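[1] kindly generate the corresponding structure for this input.
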Amino acid sequence: MNENGFTQFSTLTVLLLLAAFYGGTYLLTLLIRKDKEDTSGFMVAGHHVGYGMGAASMTATWIWAASFYAAATSGYTYGVSGPIHYGLWGALMILFIYPFGRRFRKLAPNGHTLGELIHARHGASSQLILAGSNILGSVISLMVNFTAAGALVSVLSPLSFEVGVMVAGIGVLAYTLTSGFRASVFTDFAQLVALMAIAIIIIPAVLFAAGGPSVMVEGLSRLTDEQANLFSMEAILHQGAPFFVAVLAYAIGNQTISQRLFAVREKNIKSTFVTATIGYGAIVIGLGMIGLMALSVGMEPIDGKMNNLIPQMVSTYLSPVFVALFFILVIGSLSSTADSDLSALSTIMMADVYGKNIAGDEPSPRIMMMVGRITMIVATVAGLIFASFSLDILVMLVFVG
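    Numbering: from 1, shown residues only. Here you go, the predicted structure:
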């Protein structure tokens, strides 16, 4: 226990947990590593991702650091309707992508990026504009996930925020650098299993450790009229409507999503995205309820930072074993999206920038691979620098949209 009354691990314990996760993930990627990775495999796994892997990868990628921290912030800020506004609209956006995805695959069956579609319709300038927008969005997404790692490590250990950010960045880069998108999809499956454990084990455990449903009901007296109202106009106008627009823009125009549209077998697009819709909604609304629990029991976030809410709740009410499990689960969730961002950035630079606008008709596969890997390194450094500012995750999420 620390001075705030909740579990805090030793420096050695946290470093061992991080080493176990990133080391284990790296060893997993060695199982699929090829002696000579081709560009199609590096960018979209050869267009042969099946239903199970595709649905798991889509769900794990869509559940990023903001799904933990911003969902809880929404529940804490807007009350009973906050988690629903966060989880429902995000889930529906996955489903909304499906009809576009079918159209995209017909227009470009061997495509890798949304920018390639834009190039076919509107030319190189439009492709580069979209590429620039996606690069900015993915770097900010990286920053958000590294920020979440720093917040988690600083709350649950004596280590500083900056150390947590650095370890997450280097760890994700290490296992993504070799096989690109193929590594991202493969590790997403394992990470989704961990995410499901949160919904099944951690969330109910926090609820009953805090006193059970009866304490939650009693705590409703702490809520304002707007927070207690399921149809709160304040929540709709300040959370629901902006988030709907943000996620809609992010879903349709984001390379991490379109990359999966091009990677999944065409016949599996519908089943993949319907399954991901259900999985995302169930897990994220549940995560938002932890913020509502914090509001009900009167918990104040440490230093006034909303990013600390979920680590506070879990470490206050659960045993060290559960806290360690939670630590690994959050690291897994943010890593699954961070590696997707790195794969997206590398693919944009390989296909949209180098392939279409620099190399001409015959791009060199060797140079394309080099461009992709250099992009990952540069993007990681940029994400680490921006993450050091420790900005509010919910605000950054809306900014990305």
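[2] for Ser74, what are its contacts?
    Gly82, Pro83, His85, Tyr86, Gln239, Gly288, Gly291, Leu394 (C-beta atoms under 8 Å, 6 or more residues apart in numbering). The way it works is simple: take the backbone N, C-alpha and C, and place the C-beta from them, glycine included.
[3] run the last query once more with 6 Å
    With contacts defined as C-beta atoms under 6 Å, 6 or more residues apart in numbering, Ser74 is in contact with Gly82, Tyr86, Gln239, Gly288.
[4] distance of it from Ala151?
    Between Ser74 and Ala151 the distance, using C-beta to C-beta, to the nearest Å, works out to 17 Å.
[5] what's the answer for Asn308, then?
    In this structure, Asn308 and Ala151 are separated by 6 Å, where distance is defined by C-beta to C-beta.
[6] one more: Ala282?
    The gap separating Ala282 from Ala151 is 24 Å, by C-beta to C-beta.
[7] those two: which is more packed in?
    Each of Ala282 and Ala151 had its neighbours counted (other C-beta atoms under 10 Å), and the higher figure belongs to Ala151 (28 against 16).
[8] which element is that one on?
    Mapping Ala151 onto the secondary structure by DSSP states H and E places it in helix 124-156.
[9] likewise for Gly211?
    Using DSSP H and E, Gly211 falls within no helix or strand.
[10] shift numbering so it begins at 90
    Okay, using 90 as the starting number, the last item reads as Gly300.
[11] quick check: closest non-adjacent residue to Leu231.
    In this structure, Leu231 finds its nearest non-sequential neighbour in Gly472, 3.3 Å apart by C-beta to C-beta, 6 or more residues apart in numbering.
[12] do I have it right that the one you found meets Ile229?
    No. The pair Gly472 / Ile229 is not scored as a contact, 8.5 Å apart, by C-beta atoms under 6 Å.
[13] and these two? which has more neighbours close in?
    Set side by side, Gly472 and Ile229 give different neighbour counts by other C-beta under 10 Å, the larger being at Gly472 (29 against 19).
[14] may I see the buried residues of the helix or strand that contains the more buried one?
    When elements are assigned from DSSP H and E, Gly472 belongs to helix 454-476. By neighbour count, and taking 16 or more other C-beta atoms under 10 Å as the criterion, the buried residues in helix 454-476 are 457-458, 460-462, 464-465, 468-469, 471-473, 475-476.
[15] what of stretch 199-207?
    Within stretch 199-207, the residues that qualify as buried are Gly200, His201, Thr202, Leu203, Gly204, Glu205, Leu206, Ile207, counting by 16+ other C-beta under 10 Å.
[16] rebuild these as a markdown table, extending it with distance to Gln280 and pLDDT.
    Below are the buried residues of stretch 199-207 laid out as a markdown table (distance: C-beta to C-beta, whole Å; pLDDT from 0 to 100):
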| residue | distance to Gln280 | pLDDT |
| --- | --- | --- |
| Gly200 | 26 | 79 |
| His201 | 23 | 81 |
| Thr202 | 24 | 81 |
| Leu203 | 24 | 79 |
| Gly204 | 27 | 79 |
| Glu205 | 28 | 78 |
| Leu206 | 29 | 78 |
| Ile207 | 31 | 78 |
